[in-house]
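**Q** Sequence and predicted model, in that order:
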Amino acid sequence: MNASPQNGSSASAEGQDEPAGPPATASGQAAVLEARNLRRSYPGVLAVDDFSMSLLRGEILGLVGPNGAGKSTVIKMLAGAVKPEQGEIAVGGETVDIAGPLHATQLGLSFVHQELTDVPNLTVAENVLLGLKYPRWAGTLVSKRAMNNRAREILTTSLQVDIDPAAEVGRLSVAQRRLVMVARGLATEAKVLVLDEPTASLTDQEVVHLHGVIRRVAAGGTAVIYVSHRLDEIFTLTGRVVVMRGGKKVADLATKSLGRAQLVDHITGVAAETRQAVTEEAGAGIAKHHAVAGEELLRVEGLTRSGLVEDVSFTLHRGEVLGIAGLVGAGRTELVRMIYGADPRTTGEVFVRGKSTRLRGPRDGLDAGIVLLPEERRTQGMVVDFTIRENVTLPVLARFRMSRGVPIPRVRKERERVRALIDQLGIKTPGEEWPVRLLSGGNQQKVVLAKWIEHGADVFIFDEPTHGVDVGGKLEVYGLMSRLAHEGYGVIFISSEFEELEEVCRRVLVMREGRIVGELQDERVTVTNLISACYAEAPAVAPTATSASEPGPEVSRAAD
Amino acid sequence: MTDRVVAPAAAGGGAVPETTVPPAQPSQPSRSAMAGGVAQRILFRYGLVVAYILMLIIFSALKPHVFPTAENLRAVLEECAPTGIMAVGLTAVLIMNDFDLSFASMLGLGSGLVTILIVNHHIGWVLAVIICLLVGVAGGVFNGFLIAVLGGSSFIITLAMGTVLTGVEFAVTGEKDIFSGYSNGFLGVAQHNSLLGLNNQVWIALVIAILAWVMLEKTEVGRFMYAIGGNSEAARLAGVRVKSLRILGFVLIAMAAVAAGVLITSLGGSYTPDPGPSYLLPAYAAAFLGAAAFRPGQFNILGTIVGVLFLETVITGLTMLDLSTWIINVVQGAILIVAILLSRLGEKMA
């Protein structure tokens, strides 16, 4: 639509806080894909705000940013899965309104999503060519042989992997399935190939192999958007990096012009600001007073859930806020859900105050004195159509009986108690009979908190409790965790925002690929150290890197 | 409707200095907005009742000599009783987002079994009824186990179980009509008139409905059932025994079906093979109709009861107007569609 789709240098001028590096590829070239001022919000969260970028033919662009930065939302908008509220997307210089995944494919956009979106009960060939026209006999029945040949061609020539096209996808390994997904992305002969963490479960060798494939695809003229949390990949593979944070693009630079430390700075940039703000606001409110001196409260031994959590052992003491850091998919949520009893374990034991627990269901976790604030507030933490009162009293309804033995709760008693909790936690609501569905994200989180405070426990597990909560609300959550620890309870705090772990925790376990790969204590709990431990950068991270990350993952394995 | 207290960009960059101020002033949703919502909700809450009253007035005006009479009222209520009992049991299952398509066959099995026990085996009617109810419990537990514990789809499992139960019924009764041999005590169970000249089954249905209402609206079990329906994973993580309660739901509907089967047999003094199917749809229709009232978008006992009365009154009224069967069918179906759309609307507005 525009007079001239902009070239690379003007696109990188969008990067606000950095002198723009030279464009990654030949300038003056028309962008194959352009996003202009995209904006998309979800209730309570502005996921993407004024996001612009352009992509040149044959370019490999890295898209990075912390969890929740808005990368996935951008990709969903490109795929037509969600509609931008503002802004527009141009493909080959023409503004398009992407109606859905099929339309995106027709436009030449191809996606390999983070999750395995294959059809397990179909064959490799059927998956690779899914959504494309299957080759047919005389225009009617599908020709298996032609299809297998076509798929084999893509797998062997483009991908150079040896996977039987006739094999059922569900029987392949996760890594193989991922390669099949990539093959599907290639089969459409797309102009733009978007890969969202394609290496998540691949071994180093497979990663190197995949990188070779991607380079070849790009050399053939396809533009590639590559989303990854592994910074080393970004450096070895991409020509340009776009960094997102808080829904905004904060940097758009040639990879060559960047140092690793610089990139980490960009990724965590606002985090540092927030950290400062938090410290100023909170003052002495969130003191790290909870020493690791208290008696042992929770001991986890060799806890394993096949494929998700491998042989995790640690202890939690009274008066401690123990952080668990890691990237999405590191197994943190799976670990605590097992500890709570929400998911079955393969092997391993959990001891509360020295006593082994059964943990066959959440009920057992509750009985043992463990409560869990689940990661997914809306889908796991509450009944959205229930009122605040009904949500808060759900696990403790028997306490409000009219008389013992008559399982009829007295609503008036419930209301009084819940009103007190609303005041105590500062939940903003017209009243205790207000449906939680109509509350903001932060207030919903407080309702979930109120529920567990009312229930009481020895061990409080908070899984991403500040997700979607504003800064003021976050401070309250930190204060609450500190208070619980101060009162002698044990707190486990999972967060993807490392600055808040640095703020609140004296001891942090780092998980990667289902294992605990490190433990940081006291002054070593810093954002930089946490990031390097999580990303498992072997050499030369930041100058401040400590022994926790330097010698590589295995050496620093937590051993208690 | 709501004032969102959270700043839109949670970790928003430049806005940090402003947003760090803890929102001390409680910005509450305005009272007037609440009042508007309340008016709307009242409309949705009692829309079905209003429609029912309107319908009564219309039929009374059209057929003043036969419709608004005590005789007709009694006929409608007696006709409602078995459907009502099943619809009430069904409501508990539906609240938890489960389905039961086997209860019509359970009704048939109840009817057949009680007949055989009394007529062929000369067992006292009280014991016979108790045995039948226990069979119902067993059937419900079995359904519930397959669905809640083993994770089968309630739709398919109960569809299959319905076939099995009808098979068992045929095996028990030999698939023969039975018209005689019932003890007088048994026939009195439903036929006997008590208070207000209404026969017993109306009062039995009423008692069952009241018990179900107390259970679902007042007790812990009811709260838990609604929590499971609202979000079963959240309920499970809050320590609610989801599996047991879902099994309980299937037990309740099975017992209700057996009770209805016994009453139908007692009232008619006869057994015909596979009497259930004609009760399946009305029970569902009533429950879905009821979901448009009192607790809009949610199944509830009060709504179900009004739904049963509504449907039965429509049929009676249309029959009195001498309309053909096909019109009655079409109108009945149309009403159900409208009601379901209304309840969807109520769900969105509530």
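**A** Nice, I can see it.

**Q** make it CA atoms for all contacts and neighbour counts henceforth
**A** OK.

**Q** and A:Phe111, what helix or strand is that in?
**A** If you go by DSSP states H and E, A:Phe111 is part of strand A:109-112.

**Q** That strand pairs with which strands, parallel or anti?
**A** strand A:192-196 (parallel) (DSSP bridges).

**Q** What parts of the stretch 301-450 of chain A come near chain B?
**A** Contact residues, the stretch 301-450 of chain A versus chain B (C-alpha under 8 Å from any C-alpha of the partner chain): A:342, A:362-363, A:366, A:372, A:379-386, A:394-395, A:397-398, A:407-409, A:428-430, A:438-442.

**Q** Please spell out the ChimeraX selection for the buried subset of those.
**A** Remark: buried members of those, expressed as a ChimeraX selection using 16 or more other C-alpha atoms under 10 Å in any protein chain shown:
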select /A:342,362,363,366,372,380,381,382,383,384,385,386,394,395,397,398,407,408,409,428,429,430,438,439,440,441,442
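
**Q** and chain A, what are its domains?
**A** What the record gives for chain A is the domain set A:1-108+A:190-258, A:118-189, A:280-369+A:457-560, A:391-456, from automatic domain parsing.

**Q** In TSV: these, plus mean pLDDT.
**A** Listed next are the domains of chain A as TSV, based on pLDDT from 0 to 100:
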stretch	mean pLDDT
domain A:1-108+A:190-258	78
domain A:118-189	81
domain A:280-369+A:457-560	77
domain A:391-456	87
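
**Q** packing partners for the helix or strand following the strand holding A:Phe111?
**A** For strand A:109-112, the succeeding helix or strand toward the C-terminus, using DSSP H and E, is helix A:124-128. For helix A:124-128, the packing partners by 3 or more C-alpha pairs under 8 Å, 6 or more residues apart in numbering or on different chains; DSSP states H and E come out as helix A:144-153, helix A:174-187.

**Q** quick check: angle from the first one to helix A:174-187?
**A** Translated: helix A:144-153. Per axes from the mean of the first three to the mean of the last three C-alpha atoms, to 10 degrees, the angle that helix A:144-153 makes with helix A:174-187 is 100 degrees.

**Q** what sits up against helix A:144-153?
**A** With contact meaning C-alpha atoms under 8 Å, 6 or more residues apart in numbering or on different chains, helix A:144-153 is reached by A:Val124, A:Ala125, A:Glu126, A:Val128, A:Leu129, A:Tyr134, A:Pro135, A:Arg136, A:Ile163, A:Asp164, A:Pro165, A:Ala166.

**Q** Not counting its neighbours along the chain, what's nearest the fourth one?
**A** Across the structure, with C-alpha to C-alpha, 6 or more residues apart in numbering or on different chains as the measure, the residue nearest A:Val128 apart from its sequence neighbours is A:Arg184 (4.2 Å).

**Q** my read: the one you found touches A:Glu126, true?
**A** No: with contact defined as C-alpha atoms under 8 Å, A:Arg184 does not reach A:Glu126; the gap is 9.6 Å.

**Q** Looking at these two, which one has more neighbours?
**A** A:Arg184 (27 against 24; other C-alpha atoms under 10 Å in any protein chain shown).

**Q** where's the more buried one relative to B:Ala235, distance?
**A** 39 Å (C-alpha to C-alpha, to the nearest Å).

**Q** ok, A:Val242 - contacts?
**A** A:Leu61, A:Gly62, A:Leu63, A:Val64, A:Lys249, A:Val250, A:Ala251, A:Asp252, A:Leu253.

**Q** Tell me the bridge partners for the last one.
**A** This means A:Leu253. The partner residues for A:Leu253, given DSSP bridges, come to A:Val241.
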